[in-house]
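# Just need the structure, nothing else, for what follows:
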Amino acid sequence: MAAKKKNRLTLYIFIGMGIGLLVGALFPDFGSKLQPLSDIFLRLIKSIIAPLIFATLVVGIAGHSDLKAVGRMGVKALVYFEIVTTVALFLGLLFVNVLKPGVGVQLSGGSVDVIAAKPKAFAEILTHIFPQSFFQAAAEGEILQVVVFSIIFAFALSLAHSKKKIILDFCDSLSETMFKFTGIVMKYAPIGVGAAIAVILGRPQEAVVPVFVPFHVPAVTFITGSLHSADRFRVLLNLGFLILTFYACALVFIFGILMPIAFLFKVPVRKFLRAIKEPATIAFSTTSSEAALPKAMQAMETFGVPREIVAFIIPTGYSFNLDGTSLYLTLASVFAAQALGIPLTFGQQLIMVFTLMLTSKGVAGVPRSALVILTATLASFLPPDKVPLVIGALLGIDSLMDMVRTTINVVGNCLASAVIARWEGKFIDSPPAVPEA
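Just a heads-up that it's a prediction; the model follows:
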């Protein structure tokens, strides 16, 4: 019965996406006004994240008999994260250099203030990991800071010995309550997801339509400046080619990297795909990894990954294992250089990749955050006055790319939890059913 209910929810989410697609395409003005319905869903989901991560991590670590095993798991996770994201960065580099989607575009025109960003030094990135207040981190959606606080709190609680049972029982009850809370919020998911799709298609300033319908050009006029219509059409063709390049790169990454990893670690692929269907759908439609996090954690626990591993790996992966974002960043960076007619040597591209490897850590799982990282990185390698032109062009198609990269981020983190569970010998092949709310 629970499985049927879950299948119905998935069906309802797809129906909501379909309705949102029609509303956004046929009635864009009305679709753009559905933002509050989408925001309600995202706000409810975000309210779950901090207490859920805190409760599950505290129970998983403080209730663990071997704290050294927790440290070992953390090291394995970081090694896995770094290897996979590095592969993603170089795969993006390969595709953009072979297909060259930016060649032939000569962006010109006035400067555009799109995103203000500056590169962060390593010391700033390191300092930002540690919270000065748990409540501030929770309110601002700083997932990694919540994870770090929860881990330290859990280790401290484990040293309390006989005094820890009361807090452990409370956290155990809190985690169960938050999973029930997730189930209640998910009943609203079809409406929230449908509204999110309608808003994405209904916003004229995001230039979703011009990529495919060249005669609708006002939204990109500010990008192309004084270009003639033929040049403007050329820009749109190149942006469309960039989207196709990214989609092709994403497919190769999924079937050429993630699936072999799953087979290597004996993760049941068909069962895994069924498990991640709902969180992946939510990520795709809302372009927010955070929106999919509670459901992803619940789905992987049902799949057979122990709760303590789910609670540690998936939230941490939101800062260290952004596979889709890594693919996008290298593609977009070299595309920018190609579009501006600035040749980059292989050595310069390698330096750019390693820069992105550092600056991409800690990216928030929210829409458009990748553009901030991209802007900061490009400012170090390209003429600063030309960077806003490229960012403006990319902003016009970002929704179409963000859907895919966010989905890959979520799927990659779900797979990472299963891989670490196998690596630790704790994967449960026939897990007991996790009750739905």
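# Check which helix or strand the closest residue to residue 102 other than its chain neighbours maps to.
Of all residues not flanking residue 102 in the chain, residue 338 sits nearest, at 2.9 Å (Cβ to Cβ, 6 or more residues apart in numbering). The way it works is simple: take the backbone N, C-alpha and C, and place the C-beta from them, glycine included. Using DSSP states H and E, residue 338 sits in helix 323-339.
# Find out how far that helix is from the centre of the chain, if you would.
How far helix 323-339 lies from its chain's middle: 16 Å, per Cα atoms, centre = their mean, to the nearest Å.
# which helices and strands does that helix pack with?
Secondary-structure packing of helix 323-339 (3 or more Cβ pairs under 8 Å, 6 or more residues apart in numbering; DSSP states H and E): helix 67-99, helix 229-253, helix 346-359, helix 369-381, helix 387-423.
# Assign a three-state SS to the closest residue to residue 286 other than its chain neighbours, would you?
Spatially, and ignoring its direct neighbours in sequence, residue 286 is nearest to residue 196 (4.6 Å; Cβ to Cβ, 6+ apart). Per DSSP: H, G, I helix; E, B strand; the rest coil, the secondary structure class of residue 196 is helix.
# What is the neighbour count of residue 196?
Neighbours of residue 196 under the rule other Cβ atoms under 10 Å: 29.
# Would you mind confirming that it is in contact with residue 45?
No: if you go by Cβ atoms under 8 Å, residue 196 and residue 45 don't touch, sitting 11.4 Å apart.
# Residue 131 in helix, strand or coil?
Going by three-state DSSP: residue 131 is coil.
# where does the stretch 151-300 of the chain have low pLDDT?
203-233 (pLDDT under 70).
# the helices in it, which residues?
Secondary structure of the stretch 151-300 of the chain (DSSP state H, counting those that start in this stretch): helices located at 165-186, 189-202, 218-224, 229-253, 259-264, 269-275, 277-286, 289-303.
# Adding distance to residue 376, write those helices out as JSON lines.
Output for those, formatted as JSON lines (distance: least, Cβ to Cβ, whole Å):
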{"stretch": "helix 165-186", "distance to residue 376": "34"}
{"stretch": "helix 189-202", "distance to residue 376": "25"}
{"stretch": "helix 218-224", "distance to residue 376": "20"}
{"stretch": "helix 229-253", "distance to residue 376": "20"}
{"stretch": "helix 259-264", "distance to residue 376": "30"}
{"stretch": "helix 269-275", "distance to residue 376": "35"}
{"stretch": "helix 277-286", "distance to residue 376": "24"}
{"stretch": "helix 289-303", "distance to residue 376": "20"}
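# Out of those, which is closest to residue 323?
The closest of the helices of the stretch 151-300 of the chain to residue 323 is helix 229-253. By Cβ to Cβ, the value is 6.8 Å.
# How about the contacts made by residue 332?
By Cβ atoms under 8 Å, 6 or more residues apart in numbering, the contact list for residue 332 reads 242, 374, 394.
# cool, residue 41 as well?
Residue 41 touches 185, 188-189, 191-193, 195-196, 286, 291, counting by Cβ under 8 Å, 6+ apart.
# 6 Å - rerun?
188, 192 (Cβ atoms under 6 Å, 6 or more residues apart in numbering).
# Find me the pLDDT at it, would you?
Note for residue 41: predicted pLDDT of 87.
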